[in-house]
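Asker: show me how the following folds:
(one chain, ligands or ions: 5)
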Amino acid sequence: MYHSQFPIFLLLVVVGGGQAQTSVWTYTCLNEKHCQRVAVADLPGGGGVPLDVCKLNCNKAHGSLFPLPTGQVTLGPNTTPFYPGYVTLSGYDAYPIAVRELFRAAAGIFTGHLNKMRPPGGENPIYWNRVDIRATASDNSTSMLTLGTDESYTLALTVSADGKTVTADISAVTFFGARHGLETLSQLIAYDEDLDVLQIVNTANIVDKPVYLYRGLGLDTSRNFFSLDSIKKVIDGLSYNKMNIFHWLISNSQSFPMEVAGRPQFTAYGAYSKNKIYSLANMREIVAYAKPRGVKIVPEFNGPSHAGFGWEWGPSAGMGNLVVCLNADPWYDYCLEPPCGQLNIVNNYVYELLGEIYTSMLGIFDNDLFHMGGDEVHMNCYNTTKEITDWMAENGTSTDMDGFVSLLGSFTSKAHDKLVAASSNKDITGILWTSELTHREYISQYLDPTKYAIQIWTETFHADTPAMINDGYRVIFSNYDALYLDCGLSAWVGTGHTWCSPYKEWQLIYDHSPHFIYANATNSTAADEALADGRLLGGEAVLWVEQADDQAYESRLWPRGAALGERLWSDPMTGWADAEHRMVTNRGRMVARGIRADQMQPEYCSMYQNKCYGPPPPGK
Ligand SMILES: *[C@@H]1O[C@H](CO)[C@@H](O)[C@H](O)[C@H]1NC(C)=O
Ligand SMILES: *[C@@H]1O[C@H](CO)[C@@H](O)[C@H](O)[C@H]1NC(C)=O
Ligand SMILES: *[C@@H]1O[C@H](CO)[C@@H](O)[C@H](O)[C@H]1NC(C)=O
Ligand SMILES: *[C@@H]1O[C@H](CO)[C@@H](O)[C@H](O)[C@H]1NC(C)=O
Ligand SMILES: CC(=O)N[C@H]1CO[C@H](CO)[C@@H](O)[C@@H]1O
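Answerer: Ligands and ions are numbered 1, 2, ... in the order given. Okay, the predicted model is just below:
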């Protein structure tokens with residue numbers, strides 16, 4: 001008897017004794033801006049709160065909201081304690097099924113976060129307050145996320161006169177806006193470790209919508225394979241930062257892990273192993289996972305370069321060589337990293353197979369954007385391949401740069417025709433990386449700006465960028481000198497660092513504004529116009545994975561990806577310094593939800609928010 005009662009007795013002490021175990025420290029808000037640790041003994045009248053609760057609304061301008069809302073933000077001074085079991089979500093129950101299911105999934109994700117912050121059990125009846133959430137979308141039939149989707153929302157929080165019911169009203173045009181509203185709401189809730197309860201800011205008004213349409217992260221899953229769980233976690237991270245694009249670079253010359261309907265040879269020859277394949281069902285699962293999280297998958301099938309293993313079965317199938325320069329030695333004469341490989345662009349079977357690949361992919365990733373690759377074509381590979389140079393000679397194509405670019409132009413246009421034929425959306429836009437073809441002297445000759453968008457990976461102040469935007473191209477900024485997340489590691493061929501060193505710090509990423517970059521090259525009126533008409537589509541940080549896999553990607557992606565997330569959602573006039581506390585808080589929130597994001601500072605800096613700053617620049 002004694003022993004069986006002992007644990008119960010202990011439990012009562014812990015629950016009832018929460019106050020008694022309170023630390024000697026508590027937190028107060030200084031100047032409506034910074035949370036700071038103070039001794040409980042120094043606050044004889046009380047008034048301190050746990051740090052996470054302090055951060056909710058200490059800063060009256062925006063609390064810890066991340067990314068910054070772009071419209072009005074009013075946060076009340078008070079919070080209401082509650083338990084996750086007393087939250088209801090309604091408003092969408094009568095919507096058409098596709099949209100209703102998205103709302104249901106988003107509601108489940110939201111309550112999942114709350115349950116993680118404060119698992120059920122051991123509730124104190126004093127805090128049995130209700131949180132009633134009403135989430136609505138005036139367009140109750142849109143279940144596709146496209147570049148034209150309205151992602152705006154408003155959020156209003158009110159508290160009843162008796163203080164026992166908090167009402168959250170989220171209204172949006174589409175589901176995708178409403179889910180952003182739920183994300184914002186989740187950032188107005190924190191765990192109160194003193195009372196072992198959740199606290200919600202009980203009065204607020206927020207009006208919000210994104211500045212850029214395309215807010216993405218790119219992940220290559222070919223140099224090294226990533227499990228479905230890892231890809232889902234990347235999507236989770238995107239959703240916490242209101243980023244809406246996962247650019248999935250599925251295959252490359254190293255491996256071909258993607259199942260193509262009706263062509264098992266691609267993975268049989270190209271996958272690293274039979275366990276390292278994305279089946280059609282796997283890819284469908286990713287699309288379905290991403291949608292209620294407000295994320296669209298933009299798949300990339302790269303060509304004519306970045307194609308190698310997986311294509312070597314052409315001769316045995318009577319189709320001739322489908323790739324050239326495969327695994328050539330020494331690699332550095334024929335490509336930019338081993339193994340080499342480029343599609344045999346003078347073989348018509350290559351176009352037929354591209355059509356089959358696009359049809360297979362668009363059966364899964366059906367949307368308005370498809371990435372066609374197009375980067376890093378190595379001219380010497382083609383120039384030293386007899387089959388290619390013979391064809392060029394017979395067709396009167398010169399083997400100088402103009403001749404090779406015309407060959408690339410014709411490859412791109414034939415591939416684009418196959419893409420349009422494979423798509424149910426005849427307005428599908430093909431995205432291309434910057435390359436020789438997108439240089440100023442060639443681009444308008446070969447690429448129609450209504451059919452293609454350009455993903456820019458050249459350096460930030462490259463002269464082609466403003467020229468392209470002036471000429472009407474829609475652009476996505478992924479400049480390697482700011483937005484490549486793999487830079488700064490050891491080299492993997494030879495010694496020293498990788499080519500794009502140094503490491504790109506979050507501050508650099510945060511300050512990388514497409515509007516600013518274009519305005520610097522032209523003027524702010526021109527940049528406003530380019531934003532309004534969608535030529536400044538947005539940006540994307542990219543993780544190339546020669547040196548990353550399931551074990552090593554989260555700390556490369558986060559929290560730096562979040563810095564880009566705020567830049568693209570809010571594009572604030574202010575720079576990184578004004579975002580630092582929220583970046584740190586947001587990073588902590590991501591970690592609490594299971595993302596292994598890199599640490600940014602000693603924890604001390606969160607406890608004394610105005611103490612960690614750099615010395616003034618020399619001479620100031
Ligand atoms: C869904 O939208 C249609 C068209 O706006 C509207 O007529 C209908 O009442 C809406 N349904 C619900 C349940 O709100
Ligand atoms: C291709 O090779 C020919 C003959 O060696 C050379 O003259 C030409 O400059 C090369 N083309 C390119 C684009 O390098
Ligand atoms: C503006 O662009 C030029 C190059 O065109 C660059 O050197 C300069 O640093 C830019 N200014 C700022 C403030 O970034
Ligand atoms: C702003 O830049 C655009 C694009 O280069 C140009 O057409 C326009 O004349 C410029 N306006 C001013 C006031 O300089
Ligand atoms: C476009 C074009 O002229 N294509 C020709 C190039 O040369 C080959 C023979 O090597 C012909 O079959 C093509 O029709």
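
Asker: okay, CA-based contacts and neighbour counts for the rest of this
Answerer: Fine.

Asker: does residue 244 touch residue 215 like I think?
Answerer: Yes. Between residue 244 and residue 215 there is a contact under Cα atoms under 8 Å: 5.6 Å.

Asker: what's the helix or strand for residue 289?
Answerer: Assigned by DSSP states H and E, residue 289 falls within helix 280-290.

Asker: show me which residues of that helix are buried.
Answerer: 280, 283-284, 286-290 (16 or more other Cα atoms under 10 Å).

Asker: can you check stretch 323-331 too?
Answerer: With burial defined by 16+ other Cα under 10 Å, the residues of stretch 323-331 counted as buried are 323-328, 331.

Asker: please, where are all the strands along the stretch 51-200 of the chain?
Answerer: Ranges of strands in the stretch 51-200 of the chain, per DSSP state E, counting those that start in this stretch, are 73-75, 79-82, 87-90, 130-137, 153-159, 165-172, 189-192, 197-201.

Asker: ok, residue 72 - contacts?
Answerer: Residue 72 makes contact with 205-208 under the criterion Cα atoms under 8 Å, 6 or more residues apart in numbering.

Asker: pLDDT score for it?
Answerer: Confidence at residue 72, expressed as pLDDT, is 97.

Asker: do residue 11 as well
Answerer: Per-residue pLDDT puts residue 11 at 38.

Asker: with residue 161 instead?
Answerer: For residue 161, the predicted pLDDT is 98.

Asker: related to what we said a few turns ago, packing partners for the helix holding residue 289?
Answerer: helix 228-240, strand 296-303 (3 or more Cα pairs under 8 Å, 6 or more residues apart in numbering; DSSP states H and E).

Asker: any idea how far whichever residue of the stretch 351-500 of the chain sits closest to ligand 1 is from residue 399?
Answerer: In the stretch 351-500 of the chain, the residue that lies nearest ligand 1 is residue 367 (22.8 Å; Cα to the nearest ligand atom). Distance from residue 367 to residue 399, counting by Cα to Cα, to the nearest Å: 38 Å.

Asker: which one's more surrounded, these two?
Answerer: When neighbours are counted by other Cα atoms under 10 Å, residue 367 and residue 399 differ, and residue 367 comes out ahead with 22 against 17.

Asker: touching, the more buried one and residue 429? I think so.
Answerer: No. Residue 367 lies out of contact with residue 429 (Cα under 8 Å); the separation is 9.3 Å.

Asker: can you count the residues close to the closest residue to ligand 5 within the stretch 51-200 of the chain?
Answerer: Proximity of the stretch 51-200 of the chain to ligand 5 (Cα to the nearest ligand atom) peaks at residue 147, 35.7 Å away. Other residues near residue 147 come to 18 when the count uses other Cα under 10 Å.

Asker: got the contact list for the closest residue to it other than its chain neighbours?
Answerer: Leaving out its chain neighbours, the residue that sits closest to residue 147 by Cα to Cα, 6 or more residues apart in numbering is residue 213, at 5.9 Å. Applying Cα under 8 Å, 6+ apart to residue 213 gives the contacts 147-148, 534, 537-538.

Asker: how much space between residue 213 and ligand 3?
Answerer: For residue 213, the distance to ligand 3 (Cα to the nearest ligand atom, to the nearest Å) stands at 23 Å.

Asker: where does the stretch 251-400 of the chain get nearest to ligand 3, which residue?
Answerer: residue 375 (23.7 Å).

Asker: isn't that residue up against residue 439?
Answerer: No. Applying Cα under 8 Å as the test, residue 375 and residue 439 come out as separate, 12.0 Å apart.

Asker: who has more neighbours, those two?
Answerer: residue 375 (20 against 15).

Asker: which residues does that one contact?
Answerer: By Cα under 8 Å, 6+ apart, the contact list for residue 375 reads 302-303, 305, 432-435.

Asker: before we move on, the earlier item: which of the strands of the stretch 51-200 of the chain sits closest to ligand 3?
Answerer: strand 73-75 (29.4 Å).

Asker: what lines up beside the closest one in the sheet?
Answerer: The strands beside strand 73-75 in its sheet (DSSP bridges) come out as strand 204-208 (antiparallel).

Asker: so what touches the strand it pairs with?
Answerer: Under Cα under 8 Å, 6+ apart, the answer for strand 204-208 is 69-76, 152-158.

Asker: what angle sits between it and strand 165-172?
Answerer: Between the axes of strand 204-208 and strand 165-172, defined by axes from the mean of the first three to the mean of the last three Cα atoms, to 10 degrees, the angle is 10 degrees.

Asker: how near is residue 104 to ligand 4?
Answerer: The value you get for residue 104 to ligand 4, if Cα to the nearest ligand atom is used, is 46 Å.

Asker: and what of residue 114?
Answerer: Distance of residue 114 to ligand 4, given as Cα to the nearest ligand atom: 49 Å.

Asker: for that residue, which non-adjacent residue is spatially closest?
Answerer: Among residues not flanking residue 114 along the chain, residue 84 sits closest, at 5.8 Å (Cα to Cα, 6+ apart).

Asker: residues near residue 482, how many?
Answerer: Residue 482: 25 neighbours (other Cα under 10 Å).

Asker: quick one: mean pLDDT over the helix or strand hosting it.
Answerer: Assigned by DSSP H and E, residue 482 belongs to helix 480-483. Mean pLDDT, helix 480-483: 98.

Asker: and it, how far from the chain's centre?
Answerer: The chain centroid and the centroid of helix 480-483 are separated by 16 Å under Cα atoms, centre = their mean, to the nearest Å.

Asker: what about that helix and ligand 3, touching?
Answerer: No. Helix 480-483 lies apart from ligand 3 when judged by Cα under 6 Å from any ligand atom; the minimum separation is 12.4 Å.
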